[in-house]
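Participant: can't give you the sequence, but here's the structure:
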């Protein structure tokens, strides 16, 4: 069997699973402050040492400081995203994933041992650095090791594991939302980080990265291991061709390429095979167009407002229910997110990326409007249903697809810089929403979701006009599609 026709080789699935442990850690950091948040910064005993002589019962913070503390991991995410591109280019995708676990381990331990709010914030920032680097290196790794037929499902697993992390952080956070157990809730993130730190050494480096550093034979061995018994000749030729051009690929791979028997065109060698920097990607007309698409996908993903729901779902439900019941509703919200992300994993390689994203943006727009109506007219049932369907709309497309398409749209020689810019935009918008939403929500309450409805409508139009379908295409073929529309 040709490897281009392969779907789910076992070793490839294993490598994706191990890589996604970092996504789980990311989700845990996002969800860990939701349920135990109140007891963390506003417990009855304040910073008194009633339960333990070493650690204060909680870390008293007003709402503004707590909002910053919760959102501060986005600052770390921005730092991790900025540095992640250079790191994964220098040491490889595999080692970059290993390194980013250090942020989770150090941050989780620091928060668990916090005796001052400053320690809590620094710990969140360190965890955020792990999130930022992982947000870049994990989707890149998955995209570069996956088969064409399974790349959508494998790429969506990144978001699926994030959602699993959010869900378990909420469920486990419920019994841990007491003094002094809240500390354990934040420190748990170190466990999957330590596990991945060691397991990642059993996975291969991505073949495309090895090709980019001219380790051609190692790349072929890695690809063969990822594809099992399938014949990798044609797929490997395409990888080398996409980086060095057709002539070099034929000499390096000994693959017999019959241009008369196919509709494919010979790919010319690039003038410079060096990895593109951030400035260079905006000078090249093809990569500039790809970069614009990636940036807009990531901006829309955050500005559509999902993290406003994730960070402050308990607060939102408190307008309709008592505080205790609101905690359970927040957990149900994460469960909906989990289920629908699983649906996305099953559908994305069947329906394609573009239809799912269009459907998701339309749903986010419609249910944001219904959410406003539920607030304005005080209709608890409509409020709950709208939140759940809004979350479902996000989970089925807006959540996973931008990360997946970042790796699908970008050639290896530009992937680190384009991915780094996209990741930075994502985390910057994440921080903006986390900081501004509580202020906006305090002023205009439910009307704040009108903003998210407008953003979702704009995202729908952008997807309809600018986003190509990448289902069933090799990464090299996708880039060639942009080259045909060079501007």
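Facilitator: Received it, and whenever you're ready, just let me know what you need. Just so you know, these numbers come straight off a predicted model, no measurement behind them. Numbers count the residues shown, from 1 in each chain.
Participant: For the rest of this, base every contact and every neighbour count on C-alpha atoms.
Facilitator: Will do.
Participant: Distance check, the spatially closest residue to residue 448 that is not a sequence neighbour against residue 143.
Facilitator: The shortest distance from residue 448 to any non-neighbouring residue, by Cα to Cα, 6 or more residues apart in numbering, is to residue 441 (5.9 Å). According to Cα to Cα, to the nearest Å, residue 441 and residue 143 sit 38 Å apart.
Participant: okay, the two: which has more neighbours?
Facilitator: The neighbour comparison of residue 441 against residue 143 (other Cα atoms under 10 Å) goes to residue 143, with 26 against 16.
Participant: Go ahead and report the secondary structure state at the nearest residue to that one once chain neighbours are set aside.
Facilitator: Spatially, and ignoring its direct neighbours in sequence, residue 143 is nearest to residue 407 (5.6 Å; Cα to Cα, 6+ apart). Here residue 407 is recorded as helix under DSSP: H, G, I helix; E, B strand; the rest coil.
Participant: I'd like to know how many residues surround residue 407.
Facilitator: 26.
Participant: again, but for residue 409
Facilitator: 27.
Participant: what's the answer for the one 10 residues further on, then?
Facilitator: For residue 419, the tally of surrounding residues (other Cα under 10 Å) stands at 28.
Participant: That one: helix or strand, and which one exactly?
Facilitator: Secondary structure from DSSP states H and E places residue 419 in helix 412-444.
Participant: roughly how far is that helix from the heart of the chain?
Facilitator: The chain centroid and the centroid of helix 412-444 are separated by 12 Å under Cα atoms, centre = their mean, to the nearest Å.
Participant: do the same with stretch 205-223
Facilitator: Worked out by Cα atoms, centre = their mean, stretch 205-223 lies 25 Å from the chain centre.
Participant: Averaged pLDDT, that stretch. What do you get?
Facilitator: Mean pLDDT, computed over stretch 205-223, is 94.
Participant: Tell me which stretches of the stretch 101-250 of the chain form helices.
Facilitator: 117-145, 151-173, 182-187, 190-199, 207-212, 216-227, 233-244, 246-253 (DSSP state H, counting those that start in this stretch).
Participant: mind listing what's buried in the fourth one?
Facilitator: The one in question is helix 190-199. In terms of neighbour count (16 or more other Cα atoms under 10 Å), helix 190-199 has its buried residues at 190, 192, 193, 194, 196, 197.
Participant: residues near residue 11, how many?
Facilitator: 15.
Participant: gap between it and residue 223?
Facilitator: With Cα to Cα as the criterion, residue 11 and residue 223 are 11 Å apart.
Participant: go on, residue 25?
Facilitator: Counting by Cα to Cα, the gap from residue 25 to residue 223 is 27 Å.
Participant: These two: which is more packed in?
Facilitator: The neighbour count for residue 25 versus residue 223, taken as other Cα under 10 Å, is higher for residue 25 (31 against 27).
Participant: Which strand or helix spans that one?
Facilitator: helix 10-31.
Participant: which helices and strands sit right next to that helix?
Facilitator: In terms of contacts (3 or more Cα pairs under 8 Å, 6 or more residues apart in numbering; DSSP states H and E), helix 10-31 is packed against helix 93-112, helix 117-145, helix 151-173, helix 190-199, helix 216-227, helix 306-318.
Participant: Nearest to residue 417 among those helices would be which one?
Facilitator: Smallest distance to residue 417 across these (Cα to Cα): 10.0 Å, for helix 117-145.
Participant: Show me what the closest one is packed up against.
Facilitator: helix 10-31, helix 63-91, helix 93-112, helix 151-173, helix 207-212, helix 401-409, helix 412-444.
Participant: If you average pLDDT over each of these, which is lowest?
Facilitator: helix 412-444 (a mean of 86).
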